[in-house]
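K.L.:
fold the following and give me the result.
(chains A and B)
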Number of protein chains: 2
Amino acid sequence: MQDRKPGHQTRKPLKPDPGGKRNIRLTLAYDGTAYHGWQIQDDAPTLQGLLSDSIARITGERVSVTGSGRTDAGTHARGLVANFFTSSRIEPGRLMRALNGVLPRDVRVMSARRAAPDFHARKSAVSKIYQYRIYTGPVLPPHLLREYFHYPFPVDVEKMTQAARLFPGEHDFASFAKANTAAVNTVRRIFRCDLQKKGRRLLLTVEGNGFLHHMVRNMAGTLLEVGRGTIGPGDFRDLFRKRDRTLAGFTAPARGLVLLKVKY
Amino acid sequence: MQDRKPGHQTRKPLKPDPGGKRNIRLTLAYDGTAYHGWQIQDDAPTLQGLLSDSIARITGERVSVTGSGRTDAGTHARGLVANFFTSSRIEPGRLMRALNGVLPRDVRVMSARRAAPDFHARKSAVSKIYQYRIYTGPVLPPHLLREYFHYPFPVDVEKMTQAARLFPGEHDFASFAKANTAAVNTVRRIFRCDLQKKGRRLLLTVEGNGFLHHMVRNMAGTLLEVGRGTIGPGDFRDLFRKRDRTLAGFTAPARGLVLLKVKY
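P.N.:
Numbers count the residues shown, from 1 in each chain, chains lettered A, B, ... in the order given. Now for the predicted structure:
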């Protein structure tokens, strides 16, 4: 019925289907604790693998599911977007309920709908909003165990807030990329970067047009080192220019990272 | 050093100790998913059993731990209070850290301090605050899985709010007690009962001087039936007078219940 957009790529290319396939868009929420991230792997449970298997169980069709981006092992999502092409004519609302019937309860399809044939979960995305969550109190309450990084040290939140204000804009984030990153272009645009203090919790919310591998976790770790005083304000400002991963802060652990939303 | 208050009782009576024992007060937070409630059992993991074993590991002394109240299997706590008498002279802050070193991460000692010799976690309590949490949206997001009851049906929140307003005061809660409850006196005083709507979440917060077995869960289930229209406002008002468990609503599941705080 509909041709796919020229240049559309998935990790395992779909066979051309002259009969036309529907493009289905899903919004997913998951607790990533038990998963090795988004991208399918042969020998470890991943979100992409789980979703692909679940779709096959419902539709009888093996499809390639495109996500809005790869996510690290142990990170979470409230609104990751994915799409896939299917010959199935099952109505999206029914598909959602059927998928939620076979998926484990730590992964949910929050919504499903038909998308335009040229919709691509990753390439069509305009921005993504991540939140990194830190608990600074001496003892981590168990209800925060899964989605908070426990950092029980005194930090200067005002210094962190001032540093966080330097992130918005277009910068070279090479200093915040994963060590030995394969990315050629390390320039990204950050639209918003807020640090909120709620009691003993620190919530770092970042919206950008794209993120390098480990970028938000490195931003969080670097801000914490600014808060501890181990990275001074001047050194922090130099990070964009120096393009040196070793000068930024540590990589904050995956469990504190939540993908809140993808905008199109 | 200190005599225990006359009439003090624990489930396993402590031997009198002429040398004097210290009374230690703990505040506990836990995710109750993996536990069969507070009270010690021979063949199932409970909070009281776990805590007693952990104290024995640290102090070498087997003590009887008194909780602010029994809690149902699968319910949670942010601030359950417990106390025990010990010959150990370990400083409470160190004891807290040592206990958190041996307890599983879904159970935390949030604070520990010496209490007056007559402090009794249950008998000294003036009030307890519970919260029952309901999610009414069609799909339960995984981050709410452990502490929310999923009730994906339309409810009239205004009717529920009006009914909730009838709980404060001193009433006979026999209709809200667990079926075949052993309690002789079913009169309790409720100081506060608020229903808050936050998007698709409903939070029922109840403070009272004491609670019958299943009482908050039965209050929540009954309010939901009021919201669904299966219990009318007049029938709801009659519940206090009729003292009949079969006339109230269903028992909402344990996972939605959190003990927030105990006041002394």
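K.L.:
thought A:Phe211 was touching A:Tyr130?
P.N.:
Yes - the pair A:Phe211 and A:Tyr130 passes the contact test of Cβ atoms under 8 Å, sitting 7.1 Å apart. Using the backbone N, CA and C atoms, a C-beta is placed for each residue, glycine as well.
K.L.:
who in the stretch 101-250 of chain A is up against chain B?
P.N.:
Taking Cβ under 8 Å from any Cβ of the partner chain as the contact definition, the stretch 101-250 of chain A meets chain B at A:105-110, A:139-143, A:145-147.
K.L.:
show the pLDDT at the closest residue to A:Phe153 other than its chain neighbours.
P.N.:
Leaving aside its sequence neighbours, A:Phe153 sits nearest to A:Arg228 (Cβ to Cβ, 6 or more residues apart in numbering or on different chains; 6.4 Å). Looking at A:Arg228, its pLDDT is 96.
K.L.:
now swap in the one 3 residues further on and tell me
P.N.:
According to the prediction, A:Ile231 has pLDDT 94.
K.L.:
just the strands in the stretch 101-250 of chain A please.
P.N.:
All strands of the stretch 101-250 of chain A, identified by DSSP state E, counting those that start in this stretch, fall at A:107-115, A:127-135, A:149-150, A:169-172, A:187-198, A:201-208.
K.L.:
would JSON lines of those with mean pLDDT, mean neighbour count and distance to B:Thr205 be doable?
P.N.:
Shown next, in JSON lines, are the strands of the stretch 101-250 of chain A (pLDDT from 0 to 100; neighbours: other Cβ atoms under 10 Å in any protein chain shown; distance: least, Cβ to Cβ, whole Å):
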{"stretch": "strand A:107-115", "mean pLDDT": "97", "mean neighbour count": "19", "distance to B:Thr205": "27"}
{"stretch": "strand A:127-135", "mean pLDDT": "98", "mean neighbour count": "21", "distance to B:Thr205": "23"}
{"stretch": "strand A:149-150", "mean pLDDT": "98", "mean neighbour count": "20", "distance to B:Thr205": "27"}
{"stretch": "strand A:169-172", "mean pLDDT": "94", "mean neighbour count": "14", "distance to B:Thr205": "43"}
{"stretch": "strand A:187-198", "mean pLDDT": "96", "mean neighbour count": "16", "distance to B:Thr205": "19"}
{"stretch": "strand A:201-208", "mean pLDDT": "98", "mean neighbour count": "20", "distance to B:Thr205": "20"}
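K.L.:
can I see the domain layout of chain A?
P.N.:
Chain A resolves into domains spanning A:22-115, A:127-263 when parsed by automatic domain parsing.
K.L.:
quick one on the thing from earlier: quick one: which of the strands of the stretch 101-250 of chain A is nearest B:Thr86?
P.N.:
For B:Thr86, the closest of those is strand A:149-150, at 28.0 Å, according to Cβ to Cβ.
K.L.:
list the contacts of the closest one.
P.N.:
Contact with strand A:149-150 is made by A:132-135, A:140, A:144, A:220, A:252-253, A:255-256, as judged by Cβ atoms under 8 Å, 6 or more residues apart in numbering or on different chains.
K.L.:
if we ignore the residues flanking it in sequence, what's nearest A:Gly229?
P.N.:
Distance criterion Cβ to Cβ, 6+ apart; nearest residue to A:Gly229, sequence neighbours excluded, is A:Asp156 at 7.0 Å.
K.L.:
could you pull out the helices in chain A for me?
P.N.:
A:47-59, A:92-102, A:157-164, A:215-228, A:233-242 (DSSP state H).
K.L.:
export those helices as TSV, with columns for mean neighbour count and distance to A:Gly32.
P.N.:
Shown next, in TSV, are those (neighbours: other Cβ atoms under 10 Å in any protein chain shown; distance: least, Cβ to Cβ, whole Å):
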stretch	mean neighbour count	distance to A:Gly32
helix A:47-59	19	8
helix A:92-102	16	17
helix A:157-164	18	24
helix A:215-228	25	13
helix A:233-242	15	28
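K.L.:
ok, now which ones touch A:Ala73?
P.N.:
Going by Cβ under 8 Å, 6+ apart, A:Ala73 touches A:32, A:35-37, A:254.
K.L.:
now it: phi and psi?
P.N.:
phi -50, psi 130 (degrees, to the nearest 10).
K.L.:
gap between it and A:Pro45?
P.N.:
Per Cβ to Cβ, to the nearest Å, A:Ala73 is found 10 Å from A:Pro45.
K.L.:
what do the two both touch?
P.N.:
Taking Cβ under 8 Å, 6+ apart as the contact rule, A:Ala73 and A:Pro45 both touch A:35-36.
K.L.:
could you list everything the spatially closest residue to A:Arg192 that is not a sequence neighbour pairs with in the sheet?
P.N.:
The spatially closest residue to A:Arg192, leaving aside those adjacent along the chain, is A:Glu207, at 4.2 Å (Cβ to Cβ, 6+ apart). Residues in a beta bridge with A:Glu207, per DSSP bridges, are A:Ile129, A:Arg192.
K.L.:
please list all residues in contact with A:Glu207.
P.N.:
With the criterion set at Cβ under 8 Å, 6+ apart, A:Glu207 makes contact with A:127-130, A:190-193.
K.L.:
likewise for A:Tyr151?
P.N.:
Under the criterion of Cβ under 8 Å, 6+ apart, the neighbours of A:Tyr151 are A:134-136, A:224.
K.L.:
go on, A:Leu247?
P.N.:
A:175, A:235, A:238-239.
K.L.:
quick check: the farthest pair among those?
P.N.:
A:Ser175 and A:Asp235 (10.5 Å).
K.L.:
with pLDDT as added columns, please give the contacts of A:Leu247 in JSON lines.
P.N.:
JSON lines is the format used below for the contacts of A:Leu247 (pLDDT from 0 to 100):
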{"residue": "A:Ser175", "pLDDT": "91"}
{"residue": "A:Asp235", "pLDDT": "91"}
{"residue": "A:Asp238", "pLDDT": "89"}
{"residue": "A:Leu239", "pLDDT": "90"}
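K.L.:
one step back: among the residues of the stretch 101-250 of chain A next to chain B, who's most crowded?
P.N.:
Among these, the one with the most neighbours (other Cβ atoms under 10 Å in any protein chain shown) is A:Pro142, at 24 neighbours.
K.L.:
good, wrapping up.
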